[in-house]
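Colleague: Next one to model:
(3 chains)
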Amino acid sequence: MQTERLRVAILGSGNIGTDLLIKVLRSPHLDCALFIGRRLGSPGMAKAMSLGVRVSDQGIDAIIREPDCCDLVFDATSAEDHKRHWPVLDRLGKIAIDLTPSRVGAMCVPAVNLEACMDCRNLNMVSCGGQVSVPLAHVLGNVFGPLEYVEVVSTIASRSAGPATRLNMDEYVLTTEQGLLTFSSARRAKAILNLNPADPPIIMQTTVFARMPQSDLTRLALAVDLMVDRIRQYVPGYQLIVPPVWENGRIVIMVRVQGRGDYLQRFAGNLDVINCAALETAEAFAQSRSRDRDEVKHACRS
Amino acid sequence: MMQRDCRETLAEGHRALEPLRDSRVLITGGTGFLGTWLTEMTACLNDLYGFNTRLLLASNRASSFKDRMPHLAARPDVHLMECDVRHIVDLPEDVAWVIHAACSPDSRVHVSDPLRTIDVLVNGTAALLSAAARLPNLRNILHVSSGWVYGAQPQELLRIPEDFWGALSPTSVSAAYAEGKRCAETVCAAYRNQQRLPMVTARPFTFIGPCQALDKPWAVNNFLRDALLGGPIRILGDPQTVRSFLYASDMAFWMFRALACGKDGQCFNIGSPEGTTLHELALKIAAQVSGGLEITLPNLSAKACPGPRFVPDTARAQESLGLKPTVGLDEAIRRTLAWNQWEQATA
Amino acid sequence: MSKLSIHDPTLRDGNHAVRHQLTAEQIALYARAAEAAGIPTVEVGHGNGLGASSLQVGLSLLDDATMICTARENLARTKLGVFAIPGFATVDRDLRPALDMGVDVVRIGAHCTEADITQRHISYVRERGKEVYGILMMCHMAPQETLLEECRKIESYGAEGVVLMDSAGALLPSDVTARIELLVRNLGIPVGFHAHNNLGLAIANAMAAAEAGASILDGCARGFGAGAGNAQLEVLVSVLEKAGYTTGVNLYKVLDLGEVAEQHLVTSMPSIKSLSIVSGLAGVFSGFAKHVEQIALEYGVDPRDIFFELGRQRVVAGQEDRIIETAEALRAAKGNRP
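Modeller: Residues are numbered from 1 along each chain as shown, chains lettered A, B, ... in the order given. Presented below is the predicted three-dimensional model:
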């Protein structure tokens, strides 16, 4: 079967958008038709031009003017902007993968609900801590049934938290908690975020806790290993550092996420993971489209 | 209420703004406190004196202006342009006057995102001026800088004149706004020199009046808010700090006057030359609330007095442009309290 | 004579010492006694503040609302304070209801290099017209020039004062003097200091802060607080009066307050245990002590090794999860030894 690449546009030429661009260029399933920012002189635009990518400084207008340029749009602007962008993208029939904390679209964590996402047209990538922790919370729920309480603590390098992250700590907490509740079947969830200024910068680390009487962890350990393998397929820097242990009335699982260092620095696993998840989702759309097309061809032939 | 203030100011003053007749003014940052007052004043010029002055308000918050000020946003002589000043490329050809006042005045944003602050001030100014340089009928540009470009006012200097060079620490994180404004002035001077753009600089100090958000962490706003909530008025920081307050309609008139009649290359302080301590200010506000209000002072152990000052010398504005404050501080407080009470009642 | 304002976080920092198990009766009793002693502000809550009850830093016996309401009912002239760290506490879930329940004073904390994260929360409290202070925790971990920069941000956000917390009890009096002097000289708002006693210097450090121009000092009855405890309130008030400061606190009543704390709050009197000294030397948050003790026991490793290793990794308050990882690594290393 011959796979046809899915044409995508990236809206937002900041650090996230630029890192995503490099990931898209490496993908065998995607084709970056347009990289869109607001100013041609910005570092992200300069990088894109140096890579020979078509760029525009017209923001969402670039897509309005040339609606046929792409099928899928990554939105790496801001939550406020995405709320304006989505009605436009919706009208133009685009698929949107939203990397902002807008909470407009359906929540997407590829390792957990990628298949179900193929029926949606606006997907929200939750939060960095959510991408890292939700799959583990999901496994906990699967193994032990509905959890009473699940908690996630992420610590990220101070340097990887830009002004928007710092101003929006509350949105991070609420979005991550919402992700945990949706995918873990827990009754209550809590998310905590720490910034650590150590130099050299620390690598993003996340701990998942669940309140639990002492229990047999063999099945859990197996299921966690499987899940970690699945995540590593699209987040290569995802690493289990403390496999499930029971300690003082709680189960503890710890992971660390090192970034690929595409455009962002390696310690910024928190930014990398959300881009990796977005890319995985877009590739799934590409493959599902190819499959559909093949089926149609097949049907015509027979 | 704002209309009444503008009418009062313009009763005499409209003659001094004649050059603005039958022309178009672009205001960047046009939906903020200053832009709102300039718009109100333009409405008055047009409605009462048939000025036929049209406004183009450029702002990244144009849509919220429609909600806040529907009576202004809906006017045929007011146009809104949703844009970030850094991304301005072209301007409508009929723009004759430019008032450049874009940049959040919120000091919280300046320290949390100093890079963005500098970017907006420096690169935003450059983007605007290169677009303005291609305007065929450009008459004048008023660059709204800031009184903060002078840095700390020396104790022995009662009022800061325009040729005081100032003392700023360039490396402090809280310097981003003041240094950004300084650099923006340099950018303006360079465009004036190299591209021959006409340029007048305004350096605003502290203002009081309707439309100022009471939740901003500034002394006068918070005193007014405390008073409206029924007190007590809490003075944070040094009560001996000296500020001066120019009423909003005076501010708007001074700005228009500097734009219309300021000579190329001139620079004007915009503010009241009458200094008052925060303690006196709180007393004045308390006195206007029926029954009076308690004032609580901070617990500052043996801080040096007198406190820091921030008061402009406005002799130049008076001599060159004939500008004087027309609304005294007590009256300014009375009007501002009344407006906010009315706002609350109708909200 | 200089005036100093005393801030009493016994019912908040003390919660660290009892694994956040303070009861409503204890809170009510202490609040009444503090009111009687003329304490200006009493701070109540989980040791890590609003919204912090968690598996990470310890589950609280009482929820925030119960603690706040209980204290509220028993305070009149004394102001009711709470502490909140963005990342744990949010405006909508935690601050709004706390203010609605009648909290007078909010202190917003952040690691000493991360003041930006307090902007939203400080602004919110300020916009509600309540007293708000910015807190820099673990203030031994940054040079004084950095602290000044961060304090300038806090000042811009509209805080009425800024308080340095020596959360690990790691500073020497000369360190305190240098830090406080620089801040007082350069800031327009009052500066405060919150001491811990890991190295036996809490009172000495609080005094150094006062001498350097601090105008807010934290003290806990009987020193009831995380690790080796805080500056002991009764001693602090007495020493300050002796040195010529006025605090407005009644001496006999604050001595009584110490008795109340000893009889009704304190399970084991704060003392400088070996582990607290190590925590101070390693520069690790005092609140880690109980967790380290327990996990060291479970994993059969030396708790002192855990503290020094955490200090080497420069962990900040809120990173309690690193204790398990470190204990496990130490156990593994021990197992590998011949």
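Colleague: tell me the secondary structure for residue A:155?
Modeller: Here residue A:155 is strand, with the state taken from DSSP: H, G, I helix; E, B strand; the rest coil.
Colleague: and it, how many neighbours does it have?
Modeller: Residue neighbour count, defined by other Cβ atoms under 10 Å in any protein chain shown, stands at 27 for residue A:155. Glycine gets a C-beta too; all of them are placed from N, C-alpha and C.
Colleague: Identify the residue nearest it in space, chain neighbours excluded?
Modeller: Distances taken as Cβ to Cβ, 6 or more residues apart in numbering or on different chains put residue A:194 closest to residue A:155, at 4.2 Å, once the chain neighbours are dropped.
Colleague: Helix or strand: which one has the one you found?
Modeller: Using DSSP states H and E, residue A:194 maps to strand A:188-196.
Colleague: buried stuff in that strand?
Modeller: Buried positions in strand A:188-196, judged by neighbour count with 16 or more other Cβ atoms under 10 Å in any protein chain shown: A:189-196.
Colleague: how far does it sit from the chain's center?
Modeller: In terms of Cα atoms, centre = their mean, to the nearest Å, the gap separating the centre of strand A:188-196 from the centre of its chain is 18 Å.
Colleague: Model confidence at the residue nearest to residue A:155, what's the number?
Modeller: Residue A:194 is assigned 96 on the pLDDT scale.
Colleague: hang on, isn't it packed against residue A:152?
Modeller: No: assessed by Cβ atoms under 8 Å, residue A:194 is found out of contact with residue A:152, at 11.6 Å.
Colleague: can you give me phi and psi for residue B:249?
Modeller: Main-chain torsions, residue B:249, degrees, to the nearest 10: phi -70, psi -30.
Colleague: Who are the contact partners of it?
Modeller: B:2, B:5-6, B:8-9, B:37, B:41, B:209, B:327 (Cβ atoms under 8 Å, 6 or more residues apart in numbering or on different chains).
Colleague: Give me the three-state assignment for the residue of the stretch 101-250 of chain B found nearest chain C.
Modeller: As assessed by Cβ to the nearest Cβ, chain C sits closest to residue B:217 within the stretch 101-250 of chain B, at 2.7 Å. Counting by three-state DSSP, the backbone at residue B:217 sits in coil.
Colleague: Can you give me every residue that contacts the residue nearest to it when sequence neighbours are not counted?
Modeller: Nearest residue to residue B:217, sequence neighbours excluded (Cβ to Cβ, 6+ apart): residue C:158, at 2.7 Å. By Cβ under 8 Å, 6+ apart, the contact set of residue C:158 is B:108, B:217, C:122-123, C:126, C:132.
Colleague: Check residue B:39 too.
Modeller: Residue B:39 sits next to B:27, B:30, B:55, B:57, B:69, B:72, B:78 when contact means Cβ under 8 Å, 6+ apart.
Colleague: 6 Å instead?
Modeller: Residues counted as contacts of residue B:39 (Cβ atoms under 6 Å, 6 or more residues apart in numbering or on different chains) are B:55, B:72.
Colleague: check which helix or strand covers it.
Modeller: helix B:33-49.
Colleague: Relative to chain B, how far out is the spatially closest residue to residue C:274 that is not a sequence neighbour?
Modeller: In this structure, residue C:274 finds its nearest non-sequential neighbour in residue C:304, 7.2 Å apart by Cβ to Cβ, 6+ apart. According to Cβ to the nearest Cβ, to the nearest Å, residue C:304 and chain B sit 38 Å apart.
Colleague: Could you tell me how many residues sit around residue C:304?
Modeller: Using other Cβ under 10 Å, residue C:304 is surrounded by 17 other residues.
Colleague: Thought residue C:279 was touching it, still the case?
Modeller: No: look at residue C:304 against residue C:279 with Cβ atoms under 6 Å: they stay out of range, at 9.2 Å.
Colleague: any low-confidence regions in chain B?
Modeller: Along chain B, the model assigns pLDDT under 70 to residues B:298-306.
Colleague: In contact with the residue of it found nearest chain A: list those residues for me.
Modeller: Nearest residue of chain B to chain A: residue B:113, at 4.1 Å (Cβ to the nearest Cβ). Residues in contact with residue B:113, defined by Cβ under 6 Å, 6+ apart, are residue A:163.
Colleague: Same question for residue A:228.
Modeller: Contacts of residue A:228 by Cβ under 6 Å, 6+ apart are residue A:240.
Colleague: try 7 Å
Modeller: Contact analysis of residue A:228 by Cβ atoms under 7 Å, 6 or more residues apart in numbering or on different chains lists A:238, A:240.
Colleague: Spell out the residue ranges of the helices in the chain.
Modeller: Went with chain A since none was named. A:15-26, A:43-50, A:61-65, A:79-91, A:110-117, A:128-144, A:163-167, A:169-184, A:218-232, A:269-301 (DSSP state H).
Colleague: Hmm, no, I was thinking of chain C.
Modeller: C:10-17, C:24-37, C:64-73, C:96-100, C:119-127, C:144-157, C:173-186, C:202-211, C:233-242, C:251-264, C:274-282, C:289-299, C:303-312, C:322-336.
Colleague: so what's the backbone phi/psi at the residue nearest to residue B:217?
Modeller: phi 100, psi 20.
Colleague: so how far is chain A from it?
Modeller: Using Cβ to the nearest Cβ, we find residue C:158 at a distance of 15 Å from chain A.
Colleague: With residue C:16 instead?
Modeller: 17 Å.
Colleague: Can you check what pLDDT the model gives the residue in the stretch 201-338 of chain C positioned nearest to chain B?
Modeller: Sorted by distance to chain B under Cβ to the nearest Cβ, the residues of the stretch 201-338 of chain C start with residue C:215, at 4.4 Å. The model reports residue C:215 with a pLDDT of 94.
Colleague: hang on, the earlier thing: give me every residue that touches the residue nearest to residue A:155.
Modeller: A:155, C:87, C:316, C:318-319.
Colleague: Residue B:76 now?
Modeller: Going by Cβ under 7 Å, 6+ apart, residue B:76 touches no other residue.
Colleague: So it: helix, strand or coil?
Modeller: coil.
Colleague: And the nearest residue to residue B:108 once chain neighbours are set aside, how close does it get to residue C:165?
Modeller: Counting by Cβ to Cβ, 6+ apart, the nearest residue to residue B:108 once its immediate chain neighbours are dropped is residue C:157, at 4.9 Å. Using Cβ to Cβ, to the nearest Å, one gets 18 Å for the distance from residue C:157 to residue C:165.
Colleague: do residue B:96 as well
Modeller: 57 Å.
Colleague: Compare the two and say which one has the larger neighbour count.
Modeller: For residue B:96 versus residue C:165, neighbours defined as other Cβ under 10 Å are more numerous around residue C:165 (27 against 20).
Colleague: ok, that one touching residue C:140?
Modeller: No: when contacts are counted by Cβ atoms under 7 Å, residue C:165 is not listed as touching residue C:140 (9.7 Å).
Colleague: any idea of the mean pLDDT for stretch A:169-188?
Modeller: Stretch A:169-188 comes out at a mean pLDDT of 95.
Colleague: Chain B contacts on the stretch 51-200 of chain A?
Modeller: Along the stretch 51-200 of chain A, the residues adjacent to chain B under the rule Cβ under 7 Å from any Cβ of the partner chain are A:163, A:166-167.
Colleague: Please check those and keep the buried ones.
Modeller: Using 16+ other Cβ under 10 Å as the burial test, those include A:166-167 as buried.
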